[in-house]
Structures are given as structure tokens and as C-alpha cells.
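J.: kindly generate the corresponding structure for this input.
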Amino acid sequence: MERLSGNKEAAALHADLASRGKKLETAFQALPNATSAPYEQMKTLYEYIRDCGEEDLAIVLARRLNLVPGFGG
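T.: From the prediction side, this is the model:
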């Protein structure tokens, strides 16, 4: 939609997010289950979620991955 209104920067951002999302989807579908995802793949998922603006979910995942100091469990 942004491309139609002339906002090329936003269109490029959304295209990047779509591409990254598709790569993540493919990577997760290749796993036997989500709990077998390696740490680096989960960190990539966190970065994607954060970049999509889903701050609450990103914080929860960051804590789970011990990316947030002071999280005890």
C-alpha cells in the first residue's frame, strides 16, 4: 500500500519484513517441532518480532532467551 502512495521507504521496510518472515516460516517448518529450534534461530525470530513492532511479544521472547539482564526464569 505504501508503494502506491509514494512512500518507498515504508514499502521497502515491509518488503524486507515479508522476506524475513517467509525465511523464518520455511526454517521453522523444516523442524520436527518448535521446541527443537536452535538458539540462533530463536534469536532471529526475536529480532523479526521486535522489528515488526510487537514489543510485548519481543520482550517475553527476549526474557526466554536470556537477552534481558536480570530475568530469573
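J.: tell me the phi and psi of residue 31?
T.: Reported as degrees, to the nearest 10, the phi and psi values for residue 31 are phi -80, psi 150.
J.: distance-wise, check it relative to residue 59.
T.: 24 Å (CB to CB, to the nearest Å). C-beta: built from backbone N, CA, C; applies to glycine.
J.: where does this protein dip in pLDDT?
T.: Scanning the chain for pLDDT under 70 picks out the ranges 1-6, 69-73.
J.: find the centremost residue of it, please.
T.: With distances taken as CA atoms, centre = their mean, residue 48 lies nearest the centre of the chain, 2.0 Å away.
J.: that one contacts residue 20, doesn't it?
T.: Yes. With contact defined as CB atoms under 8 Å, residue 48 and residue 20 form a contacting pair (5.3 Å).
J.: residue contacts, residue 22?
T.: Residues counted as contacts of residue 22 (CB atoms under 8 Å, 6 or more residues apart in numbering): none.
J.: that one sits in which helix or strand?
T.: helix 8-29 (DSSP states H and E).
J.: quick one on the thing from earlier: ok, the residue nearest to the centre of the chain - contacts?
T.: Applying CB under 8 Å, 6+ apart, the residues contacting residue 48 are 17, 20, 21, 24.
J.: quick check: which element contains it?
T.: Applying DSSP H and E, one finds residue 48 within helix 39-51.
J.: that helix vs helix 8-29, what angle?
T.: 150 degrees (axes from the mean of the first three to the mean of the last three CA atoms, to 10 degrees).
J.: how about helix 39-51: buried residues?
T.: Across helix 39-51, burial judged by 16 or more other CB atoms under 10 Å covers 41, 42, 44, 45, 46, 47, 48, 49, 50.
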